[in-house]
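>>> Show me how the following folds:
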Amino acid sequence: MEFRIEHTWDGLPVSHEPVTIGLRPDNAGLLMEVRAPFFNDPPAPPGEPGKPFGGLWDYEVVEAFFLSGRTEAVFRSLSFVPMGKYLLLLLSGRRKAWKEGLPLEFEVTRVKTKWEGKALLPWSYFPPCTDKFNAFAIHGSGEERKYEVLYPVPPHELQEGQEPDFHRLKFFKDFNLKELTGEEWTLPESEIWKSLSK
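I've put the predicted structure just below:
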């Protein structure tokens, strides 16, 4: 399964080769592969590659959100792929993070103006009944900051003075893990998400 981020948050076409996100199942989780232009803007955050790093949404980043539409439980994977840092947040409801800094198998390669990243997203990180998805790419500094999205805000929903907001869950689209794993597959129970309901 492959997705191409071809629009800005408000529906305009991007002016460069689109970011692509590939998803395929593995026994241990979902393999996510990102291919994207490398803008090197803003400069990389400090810290060690291959480690979690907070506030990545302020840098050049690709994000994938997996949502349970029933509970608004969100597994949010932020990958600052160009420099090898990442951040995983588990959210319950809109902007309510309850777990972060979770470990992740992650690797990145960069060649001049392009980069590729691969991450294994463990099944235990996905909320029960995951059925919605959206993905985002952000780069640039100051007034040149660009917010790109797989499923943008529809034109009839745009309002004057509106700012990009990737937590508008109603614009996420249907996503069925069984299209990748087969109809007989079921998402393994997760002790992580069970702990939220206690």
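
>>> Tell me how far Glu184 lies from Lys178.
Using CB to CB, to the nearest Å, Glu184 is found at 8 Å from Lys178. In short, each C-beta sits where N, CA and C put it, glycine included.

>>> Need the residues touching each of the two.
Counting by CB atoms under 8 Å, 6 or more residues apart in numbering, no residue touches both Glu184 and Lys178.

>>> quick one, which of these two is more surrounded?
Lys178 (12 against 6; other CB atoms under 10 Å).

>>> pLDDT value on the more buried one, please?
As predicted, Lys178 sits at a pLDDT of 89.

>>> Do I have it right that it meets Trp185?
Yes - contact criterion CB atoms under 8 Å: Lys178 and Trp185 qualify, at 6.0 Å.

>>> Give me the secondary structure label for Tyr86.
strand (DSSP: H, G, I helix; E, B strand; the rest coil).

>>> what about it, how many residues close to it?
Residues within reach of Tyr86, counting by other CB under 10 Å, total 24.

>>> Look up the residues forming beta bridges with the residue positioned nearest the centre of the chain.
Centroid check for the chain by CA atoms, centre = their mean gives Ala64 as the closest residue, at 1.3 Å. Beta-bridge partners for Ala64, by DSSP bridges, are Ser77, Ala135.

>>> Might you report the residue contacts of it?
21, 32, 76-77, 79, 133-136.

>>> Check Phe80 too.
Contacts of Phe80 (CB under 8 Å, 6+ apart): 44-45, 53, 56, 59-62, 86-87.

>>> how much space between it and Glu184?
36 Å.

>>> Same check on Phe106?
30 Å.

>>> can you give me the strands in this structure?
Remark: strands assigned in the chain by DSSP state E are 2-5, 7-8, 19-26, 29-37, 61-68, 73-80, 85-92, 97-100, 105-111, 114-122, 132-139, 146-149, 173-174.
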